[in-house]
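K.L.:
Sequence and predicted structure below; questions after.
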Amino acid sequence: MTRAHAVAATRIGLLLAGFLALEALCRAGIIGKLVMIPPTAMVAEMTALLASGEITGDIVRTFTTIAIAFAGAVALGFVAGAALHAAPRLRRAVDPLLAAYYAVPGFIFYPLLVALFGLNVLPLIAIGLLFAAPAMVIATLLGLDRVPPVLRKCARVHRLGRAETVLHVVLPAAMPALFNGIRLAFAYAFIGVIAGEFILSGGGLGYAIGYAYESFEATRMYGLLLFVLMMAVVLNGALYVWETRLLRRRTRA
Amino acid sequence: MTRLHRADTLLVILGVLLVWQGVFAYAGSTAITAPLATFAYAWGLLAGNFIWPHVGATMLAFAMALAISAVLGVALGVVLGLRRFAGDVAEPLIAAFYTIPKVTLYPVMLLIFGLGLSAKVAFGVIHGTVPVLLFTLTAVKTLPSVYLRTARTMRMPPRDVARHIVLPALVPEIVSGLRVGFALTLLGVIIGEMFASQRGLGFLIINGINSNNVPMTTSVTLIVVVFAVAANGALLALDRQLHHGGRLRT
């Protein structure tokens, strides 16, 4: 445990040192005012923005969009993955598509989605969903592949019904891979929605960052940027902690 | 088996084209051009002179970004993998960086590097380095410890250990990482071109949108997709051969 403490302490120290170094460089004018503002100024701006309530609408809009895209991606991805697992012929046909999916820079389709759905939240949900769902499909396939055959045999020996087998044997055994998929789906949905807003949209946090940049409001831009990056790190970290807790409980049981 | 496989792949391509045609039928020519028309237009573009400077600009930025990503990712991955403590400290930070929406960092990149090639390359590098690094790091950590113990028995200097033992053992994982890094670097460069550039394929796409040139946008998108899928296929084949070959030999 002492080593883990040392690792965590070093990590925090490293972050703190980076923060201070950046602060010093900015204050000393080595990094110009136009390039980057001191980190403390970013924090102050972020707090002011949050307290004033002027970005509350954007926050709600962005996170609602992410939540819809994320939930849709997990549900759709899981169902599609399970269906593909049950149909090996179809799966073999779709396999090259899945393998090449993330090789294509997905955002080049975003303008097309805007043309299809109009300039509202629908293309944002669509890009988040399209970006996140295949990760869930792949994770589901992997998870179902890795269920040890002996467990299925065991279920048959106990004469479990189909639903019971899935609920009590297959799903728990596939859980680690499924969680991995959920975590990836969240990261992709978050990236997809924010990037979509940044590229082309009429509202939301990504749009606010782009807007502040284009109107030369560097302070505001860095405040918003800090908030978005912090939310990404905190939410991804929360999912990670939740996952490791659940998995640890499983191995102990 | 392979003939069957090839038939399946053809079916998938056919399915994609059908979906495309369906989207065209639904949305009309203000949003997207039909498959056949797009292929014709793309062929016309590739036969003419207009597109090649843009292809060249994208490829130059992409090649530079990929080279930097590969070298940086492998080097950092090996160092962090061999020095356990540093690796344990850094890994969650790197993983966190992987999950943030890096598109929003684009203004920062522009402010630091200014408009032009270096900003595009830097943007590609921040996208592409992390996957290469993470794959390499994991590979070094799971390296059979007997390899390193043997090296110590033979009193090999660290540089020789890296060159003759660690790197060869890592090649399959590095190729896997490069495949992901390849895709993300391309994404980074193209997105970079979409915002602030006067050249390159990303610029052509966004310019097509702004000037309502639907055939241009759709055709350039098609060219990028075909390039990405082809490169991915080649790297995937190499990847499978290396992993498979490794398993056969041991």
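P.N.:
Done, it's in. What you see is a predicted model, and the numbers here were worked out from it, not measured in a lab. Numbers count the residues shown, from 1 in each chain, chains lettered A, B, ... in the order given.
K.L.:
all helices of the chain, in order?
P.N.:
You didn't pick a chain, so chain A it is. Residue ranges of the helices in chain A, as given by DSSP state H, are A:2-27, A:39-52, A:56-86, A:88-101, A:110-117, A:121-145, A:149-157, A:162-165, A:171-199, A:205-214, A:218-252.
K.L.:
wait, I meant chain B there
P.N.:
Assigned by DSSP H, the helices in chain B fall at B:2-27, B:35-47, B:52-82, B:84-99, B:106-113, B:117-141, B:145-153, B:158-160, B:167-195, B:201-210, B:214-249.
K.L.:
contacting residues for the residue nearest in space to the middle of chain A?
P.N.:
Nearest to the mean C-alpha position of chain A, counting by Cα atoms, centre = their mean, stands residue A:187 at 1.3 Å. Residue A:187 is in contact with A:232, A:236, B:98, B:99, counting by Cβ atoms under 8 Å, 6 or more residues apart in numbering or on different chains. Heads up, the C-betas are built off the backbone N, CA and C, glycines and all.
K.L.:
Now for the first one, how many residues are close by?
P.N.:
When neighbours are counted by other Cβ atoms under 10 Å in any protein chain shown, residue A:232 registers 22.
K.L.:
roughly how far apart are it and residue A:157?
P.N.:
46 Å (Cβ to Cβ, to the nearest Å).
K.L.:
List the residues that contact the closest residue in space to residue B:131 that isn't next to it in sequence.
P.N.:
For residue B:131, ignoring the flanking residues on the chain, the nearest one in space by Cβ to Cβ, 6 or more residues apart in numbering or on different chains is residue B:180 at 4.0 Å. Applying Cβ under 8 Å, 6+ apart to residue B:180 gives the contacts A:102, B:131, B:132, B:135.
K.L.:
The last one is in contact with residue B:176, isn't it?
P.N.:
Yes - with contact taken as Cβ atoms under 8 Å, residue B:135 and residue B:176 are classed as touching, separated by 5.5 Å.
K.L.:
Tell me the pLDDT of residue B:5.
P.N.:
As predicted, residue B:5 sits at a pLDDT of 68.
K.L.:
can you check residue A:127 too?
P.N.:
The model reports residue A:127 with a pLDDT of 90.
K.L.:
Provide a list of residue ranges in chain B with pLDDT below threshold.
P.N.:
Counting by pLDDT under 70, the low-confidence segments of chain B come to B:1-5, B:244-250.
K.L.:
before we move on, the earlier item: need the max-distance pair from the contacts of residue A:187.
P.N.:
The widest separation within the contacts of residue A:187, taken as Cβ to Cβ, falls between A:232 and B:98 and amounts to 10.3 Å.
K.L.:
Out of the contacts of residue A:187, which comes closest to residue A:151?
P.N.:
Proximity to residue A:151 was ranked across the contacts of residue A:187 by Cβ to Cβ; first place goes to residue A:236, at 30.9 Å.
K.L.:
ok, the closest one - contacts?
P.N.:
A:183, A:186, A:187, A:190, B:96, B:99.
K.L.:
any idea how far chain A is from the residue located most distally from the centre of chain B?
P.N.:
In chain B, the greatest distance from the average C-alpha position (Cα atoms, centre = their mean) is reached by residue B:153, at 39.3 Å. When distance is defined by Cβ to the nearest Cβ, to the nearest Å, residue B:153 is 27 Å away from chain A.
K.L.:
give the contact list for the nearest residue to residue B:74 once chain neighbours are set aside.
P.N.:
In space, not counting the residues next to it along the chain, residue B:74 is nearest to residue B:136; the distance is 5.3 Å by Cβ to Cβ, 6+ apart. Contact criterion Cβ under 8 Å, 6+ apart gives B:73, B:74, B:76, B:77, B:78, B:81, B:170, B:173, B:174, B:177 as the residues in contact with residue B:136.
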